[in-house]
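J.: With the input below, show me the fold.
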Amino acid sequence: MNAALSRWRLLIPGRLFLKIFVSLWLSIATIALAVDFIVDSLFQAKLRRSPDLSLGFRAELATSLVATTLRQGDREETRRLFESWLGKRDLPVLVVDALGQDMFGRTVAPGALKQALAVLETTPAELAVQKVDAPDGQSFVLFVPLALLPSSPPHLHVYQYADSSRIEILSMTLASLLFAFGMAWYLFRPIRHLHEASQNFADGALDTRIAAMLGKRNDEFADLARDFDRMAERLQTTIEDKTRLLHDVSHELRSPLTRMQVALEMSQQAPDKSARMLDRIRHEVMRLDRILGDTLTLSRLESVAESNGEKDCVNLVELLEDIVSDVRFEAAQEEKKIVLHASGEILIDGNAALLRSAIENVIRNGMQHTPQGSTVTIGLLAPRHDWVDLRICDSGTGVAPDELNAIFEPFYRGKENRANGGHGLGLSIVRRAIEAHGGKVSADNHKPEGGLCVIMSLPVAQHADTLPEPR
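T.: Below you'll find the model as predicted:
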């Protein structure tokens, strides 16, 4: 189910897609505004230099047509061109001689003529203003004054296709380069952090974290960074726990092996003590077997906690009744009692064998520390906020307050456990089993004079209200 949802999420545009989409449109808008601003600035500059002339592509076409006719023919051919012109309006091109007179007697504004001559000096390649030598040797200046044109927007008198196209291409290239650089940097930076973090983690720097390096980003890269940090933290914890467990196991195994070696040497030196030494060796072998068995159990629980296998639906009340029934048979012979407060139905998603092992371990531990004639009380509280608390309280001497958290660490043995010969893995197994089900475990002394109470909190799948009653 989760895998299917993950695949569907890959098909849905996410926050990074929206950022790219918005950035692309901002880039397009920037390009459009930049092109418009640059082209308009150039056009305005031309308008300021030649306010009485038309320098656009239409003026270029009209001026070039008259100039070609004048060069190839004569003044009469040019006159016939103007007379036979079939356009909606007369050709607006003035043909001015050296005396400042138009060939056809039209009025020549001094300002327009002056601006046309200035354009010829500064921009010889300008086609809207041309100097033409007729076949008879007379020179003429051809230009289009605004006075001969109908009213139209100023930019139409200076707009030129070739110039504006080059400007647009240049502006778009620069804007797209800036956008591409910014987007590449935006995407490359988290990828670089991820790459460096992966390399550092592979080189043994298990404390490598990268979420803080990405600042306040809130996109898929930030999610990936947080996932990487969670993975790194989990791996670091697992590796450190395995290393510590290996160290503790080697330390715990050294003592019984040393005692076995001493017993073996003593049996060789004193044959009359061989039977007693063999009993000692047998005892140490059994101790080694328990340590190794509990260590393997602890390792298996950690593997279960790290996996996402299928889970069963376990009725916690029925499981407790079954465990209590088994333990009561043994407790009766030691004149100890077990009282169970639980009824109804409370369902847990998990592994029934693991839960049974954890709960039974705590109950038997309580039975071991409860004096004859005393009681072990088991209470299953009504679920609240989808959590249920299982309390197992003995009538023993309790645990020192500074050891209440430490008793769940592997191979930790309090004063009483050291005296009883325990090897400190029982409650560690309990904690791993409960945590494998998403729960938590804690301990407290429920009476001033002692009495240890272990509280196991577990998330419930669904439940019916329970009415606690002694059984």
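
J.: Please parse the protein into its domains.
T.: As assigned by automatic domain parsing, the chain contains the domains 11-45+164-202, 50-159, 219-286, 312-463.

J.: how about the ones you listed, which one is nearest residue 292?
T.: domain 219-286 (8.1 Å; Cβ to Cβ). From N, CA and C alone the C-beta is placed, and that goes for glycine too.

J.: so which of the domains of the chain is the most packed in?
T.: Neighbour counts (mean count of other Cβ atoms under 10 Å) averaged over each of these peak at domain 312-463, with a mean of 18.

J.: how much distance is there from that domain to the middle of the chain?
T.: From the chain centre to the centre of domain 312-463 is a distance of 40 Å (Cα atoms, centre = their mean, to the nearest Å).

J.: how about the helices in the chain?
T.: Ranges of helices in the chain, per DSSP state H, are 2-11, 15-49, 57-72, 75-84, 110-122, 161-202, 220-269, 274-306, 316-333, 352-369, 415-420, 426-436.

J.: As CSV, these with distance to residue 94 and mean pLDDT would be great.
T.: Output for those, formatted as CSV (distance: least, Cβ to Cβ, whole Å; pLDDT from 0 to 100):
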stretch, distance to residue 94, mean pLDDT
helix 2-11, 67, 46
helix 15-49, 18, 70
helix 57-72, 9, 84
helix 75-84, 11, 83
helix 110-122, 8, 85
helix 161-202, 24, 73
helix 220-269, 66, 78
helix 274-306, 91, 71
helix 316-333, 104, 84
helix 352-369, 102, 84
helix 415-420, 115, 51
helix 426-436, 96, 80
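
J.: would you turn those helices into a markdown table with distance to residue 458?
T.: Shown next, in a markdown table, are those (distance: least, Cβ to Cβ, whole Å):
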| stretch | distance to residue 458 |
| --- | --- |
| helix 2-11 | 21 |
| helix 15-49 | 36 |
| helix 57-72 | 82 |
| helix 75-84 | 101 |
| helix 110-122 | 90 |
| helix 161-202 | 33 |
| helix 220-269 | 21 |
| helix 274-306 | 14 |
| helix 316-333 | 7 |
| helix 352-369 | 8 |
| helix 415-420 | 26 |
| helix 426-436 | 7 |
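
J.: of all these, which lies closest to residue 386?
T.: Using Cβ to Cβ, the helices of the chain put helix 316-333 closest to residue 386, at 13.4 Å.

J.: Compare the helices of the chain and report which one is nearest to residue 457.
T.: helix 426-436 (7.9 Å).

J.: which helices and strands sit right next to the closest one?
T.: helix 274-306, helix 352-369, strand 440-447, strand 450-459 (3 or more Cβ pairs under 8 Å, 6 or more residues apart in numbering; DSSP states H and E).

J.: closest to residue 212 out of the domains of the chain?
T.: Smallest distance to residue 212 across the domains of the chain (Cβ to Cβ): 8.8 Å, for domain 219-286.

J.: And the closest one, how far out from the chain middle?
T.: 39 Å.

J.: Same list (the helices and strands packed on helix 426-436) but as CSV, adding distance to residue 214.
T.: Listed next are the helices and strands packed on helix 426-436 as CSV, based on distance: least, Cβ to Cβ, whole Å:
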stretch, distance to residue 214
helix 274-306, 27
helix 352-369, 38
strand 440-447, 31
strand 450-459, 32
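
J.: of all these, which lies closest to residue 131?
T.: Taking the helices and strands packed on helix 426-436 one by one with Cβ to Cβ, helix 274-306 is closest: 89.1 Å.

J.: Run through who's touching stretch 385-397.
T.: Taking contacts as Cβ atoms under 8 Å, 6 or more residues apart in numbering, the residues outside stretch 385-397 that touch it are 316, 320, 346, 348, 359, 362-363, 365-367, 369-371, 374-382, 416, 446, 449-460, 463.

J.: 7 Å instead, please
T.: 316, 346, 362-363, 366, 369-371, 374-381, 416, 446, 450-460 (Cβ atoms under 7 Å, 6 or more residues apart in numbering).

J.: give me every residue that touches the residue most central in space within the chain.
T.: Nearest residue to the geometric centre of the chain (Cα atoms, centre = their mean): residue 223, 1.4 Å. With contact set as Cβ under 7 Å, 6+ apart, residue 223 has no partners.

J.: measure it to residue 196 for me?
T.: Going from residue 223 to residue 196 by Cβ to Cβ, to the nearest Å gives 19 Å.

J.: Give the closest residue to the most far-flung residue of the chain relative to its centre in space, chain neighbours not counted.
T.: When each C-alpha in the chain is compared with the mean C-alpha position (Cα atoms, centre = their mean), residue 136 comes out farthest, at 82.2 Å. Spatial nearest neighbour of residue 136, excluding adjacent residues (Cβ to Cβ, 6 or more residues apart in numbering): residue 74 at 6.6 Å.

J.: What score does that neighbour have for pLDDT?
T.: Here, the pLDDT recorded for residue 74 equals 77.

J.: residues in contact with it?
T.: Residue 74 neighbours (Cβ under 7 Å, 6+ apart): 134-136.

J.: Likewise for residue 179?
T.: Residue 179 neighbours (Cβ under 7 Å, 6+ apart): 23, 27.

J.: Many thanks, I have nothing further to ask.
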